[in-house]
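In: Build me a model from this:
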Amino acid sequence: MHSSRSKPVDGSFSQSTGMIYIFNIIVGTGALALPKAFHEGGYVLSTLLLLILAFFSYISATYMIEAMAIANFMRRKTVNRRLGTIITANSDDEDVVDQSDRAALLPSAINSEDVYISTGTDERHDFDIVEKIEMGEMANMFLNKLGLIIFYFCISLYLFGDLAIYGSAVPKSIRDAICTYEPVNCTNMTIDDLCWESSTLTRHHVYQIFVAVFFCTLGLFVFGNAQKTKLLQMITTLCRWAAFLSMIILCIVHLANRPSTEQPIRPAVFHFRSLPPLFGICVYSFMCHHSIPSIIAPIRSKNKLKSLFAYDYICIALFYLLLSLTAVFTFESFEDLYTLNFRPKTHCSQSKVNVPTVLAYFIMLFPVFTLSSSFPIIGITLRNNLETVLKSCMKVGRRQRILLVIFVLLLPCAVSIVTENINFLVGFTGSYAGVAVQYVIPSLLVYNARRQAQIKLRRPIHFANQSVFQNKFWVFTVLIWAWLAIIVITIYNILPARIFM
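Out: Down below sits the predicted model:
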């Protein structure tokens with residue numbers, strides 16, 4: 001998230017390609033946990049909550065775009081040491097900024113003696129996004145010391161959760177694909193059942209072994225600086241869409257061809273007890289805000305970013321509803337990962353839908369490749385964020401960097417070994433760290449960015465990539481919504497389950 005000063009990024013693809021790229025970034029692991037969350041929370045409650053969270057997520061996404069535009073404006077100005085004087089392309093030293101006005105809610109960078117002057121470009125283009133400025137860099141520009149501490153804590157907690165989710169999803173998918181033992185009486189399988197009839201290893205033991213192997217092998221890449229190549233991105237995208245479309249089509253075909261004698265499934269409508277995991281999974285499913293600078297930087301024409309994101313959020317919400325609603329009316333029970341509902345046919349287990357064996361294994365194992373390719377990138381991002389925090393208080397050498405990587409890997413590895421409940425991991429990560437990264441941080445960034453820009457220019461600011469939610473009411477609404485959500489979810493987690501039955 002944090003790096004040295006960014007360099008201008010040349011646009012490399014069109015808006016239509018950018019729309020597809022945004023779609024691919026957002027639709028990921030959270031989508032695989034949504035069907036079970038819809039099943040447990042009730043399809044009406046889940047649909048309403050998903051749409052509400054999509055709306056709030058879009059608001060905060062536009063805040064990130066606006067904050068990035070203002071950060072670009074600040075970067076393009078030169079520094080003038082004349083205390084309190086603001087010079088723009090159209091001013092003649094006519095305004096003097098009151099120091100008491102600047103000191104109220106803004107970080108120390110705004111209260112310094114440095115002021116910005118225009119570089120002589122057309123004023124209409126002062127807020128054009130020409131540099132990729134990461135979320136961490138914007139936090140350094142617009143937040144005070146306390147805000148920076150909150151930012152790095154939340155983003156690190158979120159990335160730790162991401163690593164734990166990936167570290168559980170991949171081993172669980174492999175374990176379920178290779179374990180062949182089935183009880184004679186075909187009772188429900190548990191994690192304490194054997195993995196193979198000729199072995200003493202239980203399913204949970206095999207899962208834990210694969211967790212250790214996963215972190216030890218892919219963890220080695222976290223010591224370096226890996227990144228996805230275009231070829232790898234293309235392959236993972238094709239695998240993702242082949243799997244998602246296959247699952248949707250299989251469910252639609254099953255529902256269309258269901259015999260009239262078969263009793264239709266009647267899923268729950270409202271089930272408030274399942275609200276905490278449902279909320280967290282829905283939040284996690286729209287997470288992209290920490291990646292928005294990387295998403296929009298390569299887009300050539302950035303004058304319609306708000307519309308681009310609006311179209312994407314509408315398409316993604318409809319896609320999630322199609323995936324989840326076809327699932328809850330097809331299956332009576334769900335695995336943590338929806339892909340595991342499409343198992344190959346065995347003596348004791350058979351998918352509700354008719355899946356060819358090869359396609360069943362492809363659907364089951366596609367998270368292994370797609371998540372494994374992203375794991376080192378997330379680990380490196382977390383390492384860099386923690387290294388930035390450490391550099392502010394101590395010297396970070398080679399030994400400290402190695403210990404830092406070990407810490408980055410050990411904590412999520414321990415969590416993954418202890419639990420393979422992916423719905424819990426996704427729900428917890430989304431409900432707390434996800435809420436902060438998706439709602440709180442973008443709102444704080446745009447609020448302080450607007451104030452800083454107005455103080456520098458001494459006039460209201462207007463530019464193409466401004467959020468349509470300009471009123472302070474929207475910023476405070478998002479913040480209040482975030483804190484109320486955290487409080488309500490925490491209460492739901494603490495109170496006994498019988499209260500909500």
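
In: phi, psi of the residue positioned nearest the centre of the chain?
Out: Geometric centre of the chain, nearest residue: residue 287, 2.9 Å, by CA atoms, centre = their mean. Dihedral pair for residue 287: phi -70, psi 120, per degrees, to the nearest 10.

In: before we move on, what about residue 194?
Out: Dihedral angles phi and psi of residue 194 (degrees, to the nearest 10) take the values phi -70, psi 150.

In: Tally up the residues packed near it, please.
Out: Counted with other CB atoms under 10 Å, the neighbours of residue 194 add up to 19. Quick note: C-beta positions are derived from backbone N, CA and C, even for glycine.

In: Bridged to it, which residues?
Out: In this entry, residue 194 is beta-bridged to residue 202, by DSSP bridges.

In: so what's it up against?
Out: 181, 200, 201, 202, 203 (CB atoms under 8 Å, 6 or more residues apart in numbering).

In: ditto for residue 369
Out: With CB under 8 Å, 6+ apart, residue 369 has these contacts: 235, 236, 239.

In: now, which of those sits nearest residue 352?
Out: residue 239 (23.2 Å; CB to CB).

In: If you count contacts, what does the helix or strand containing residue 283 end up packed against?
Out: Taking DSSP states H and E as the criterion, the element that holds residue 283 is helix 275-285. Packing partners of helix 275-285 (3 or more CB pairs under 8 Å, 6 or more residues apart in numbering; DSSP states H and E): helix 29-41, helix 43-75, helix 422-429, helix 472-494.

In: right, and the ones you listed - which one's nearest residue 168?
Out: helix 422-429 (5.4 Å).

In: now the closest one: mean pLDDT?
Out: Mean pLDDT, computed over helix 422-429, is 87.

In: Residue 449 against residue 67, yeah?
Out: Yes: here residue 449 reaches residue 67: they are 4.6 Å apart, a contact under CB atoms under 8 Å.

In: Neighbours of residue 141, how many?
Out: Residue 141: 20 surrounding residues under other CB under 10 Å.

In: Skip the chain neighbours and tell me the closest residue to it.
Out: Leaving aside its sequence neighbours, residue 141 sits nearest to residue 71 (CB to CB, 6 or more residues apart in numbering; 5.7 Å).

In: mind listing what that neighbour touches?
Out: Counted by CB under 8 Å, 6+ apart, residue 71 has contacts 133, 137, 138, 141, 142, 449.

In: list the helices and strands whatever helix or strand the fourth one lives in packs on?
Out: Okay, so that is residue 141. For residue 141, the enclosing helix or strand under DSSP H and E is helix 135-142. Helix 135-142 sits against helix 43-75, helix 145-178, helix 441-457, with contacts defined as 3+ CB pairs under 8 Å, 6+ apart.

In: chain center to the second one, what's the gap?
Out: Taking CA atoms, centre = their mean, to the nearest Å, one finds the center of helix 145-178 at 10 Å from the center of the full chain.

In: For that helix, give the mean pLDDT please.
Out: 90.

In: and if you look at stretch 301-311?
Out: Here the average pLDDT along stretch 301-311 is 86.

In: Would you mind measuring from residue 428 to residue 489?
Out: Separation of residue 428 from residue 489 (CB to CB, to the nearest Å): 9 Å.

In: right, and residue 132 touches residue 292 too?
Out: No: between residue 132 and residue 292 there is no contact under CB under 8 Å: 10.1 Å.

In: Who has more neighbours out of the two?
Out: residue 292 (24 against 19).

In: How about the contacts made by the spatially closest residue to the more buried one that is not a sequence neighbour?
Out: Spatial nearest neighbour of residue 292, chain neighbours left out: residue 64 (4.5 Å); criterion: CB to CB, 6+ apart. Residue 64 sits next to 135, 289, 292, 293, 442, 445, 446 when contact means CB under 8 Å, 6+ apart.

In: Residue ranges in this structure under the pLDDT threshold?
Out: Filtered on pLDDT under 70, the chain yields the residue ranges 1-11, 77-125, 226-230, 347, 350, 496-501.

In: and residue 186, that's in a helix?
Out: No: membership of residue 186 in a helix is not supported by DSSP: H, G, I helix; E, B strand; the rest coil, which gives coil.

In: Tell me, how many residues neighbour it?
Out: 11.

In: That one contacts residue 193, doesn't it?
Out: No: assessed by CB under 8 Å, residue 186 is found out of contact with residue 193, at 11.6 Å.

In: contacts for stretch 48-59?
Out: 41, 275, 278-279, 282-283, 285-286, 289, 309-310, 313, 316-317, 320-321, 324, 438-439, 467, 469, 474, 478, 481.

In: Tell me the gap between that stretch and the middle of its chain.
Out: Distance, centroid of stretch 48-59 to centroid of chain: 14 Å (CA atoms, centre = their mean).

In: Repeat that for stretch 359-378.
Out: Centroid separation for stretch 359-378 versus its chain: 17 Å, with CA atoms, centre = their mean.

In: who's in contact with residue 433?
Out: By CB under 8 Å, 6+ apart, the residues touching residue 433 are 154, 155, 157, 158, 160, 161.

In: Return the distance of the first one relative to residue 236.
Out: From residue 154 over to residue 236 the distance is 27 Å, taken as CB to CB.

In: rewinding a little: out of the contacts of stretch 48-59, which are buried?
Out: 41, 275, 278-279, 282-283, 285-286, 289, 309, 313, 316-317, 320-321, 324, 438-439, 467, 469, 474, 478, 481 (16 or more other CB atoms under 10 Å).

In: Dihedrals phi and psi, residue 299?
Out: Residue torsions, per degrees, to the nearest 10, at residue 299 are phi -70, psi 130.

In: how about stretch 223-241 as CSV, C-alpha atoms only?
Out: Provided in CSV are the C-alpha atoms of stretch 223-241 (Å, rounded to 0.1, in the frame of the first residue of the first chain):
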residue,chain,number,x,y,z
PHE,A,223,10.6,-13.0,0.9
GLY,A,224,11.0,-11.6,-2.7
ASN,A,225,8.9,-9.3,-4.9
ALA,A,226,6.6,-11.3,-7.0
GLN,A,227,3.8,-9.9,-9.1
LYS,A,228,1.2,-11.4,-11.4
THR,A,229,2.1,-11.4,-15.1
LYS,A,230,-0.5,-10.6,-17.8
LEU,A,231,-0.5,-14.2,-18.9
LEU,A,232,-1.1,-15.4,-15.3
GLN,A,233,-3.9,-12.8,-14.9
MET,A,234,-5.5,-14.0,-18.1
ILE,A,235,-5.4,-17.7,-17.1
THR,A,236,-6.8,-17.1,-13.7
THR,A,237,-9.6,-14.9,-15.1
LEU,A,238,-10.5,-17.6,-17.6
CYS,A,239,-10.5,-20.3,-14.9
ARG,A,240,-12.6,-18.1,-12.6
TRP,A,241,-15.3,-17.4,-15.2
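
In: contacting residues around that stretch?
Out: Contacts to stretch 223-241, defined as CB under 8 Å, 6+ apart, come from residues 24, 27-28, 366, 369-370, 373-374, 376-377, 380, 402, 405.

In: Let's see if you can find the most crowded of those residues.
Out: So for the contacts of stretch 223-241 (other CB under 10 Å), the most neighbours sit at residue 27, 23 neighbours.

In: Skipping its backbone neighbours, what lies nearest that residue in space?
Out: Using CB to CB, 6+ apart and skipping the chain neighbours, the partner closest in space to residue 27 is residue 316 (6.2 Å).
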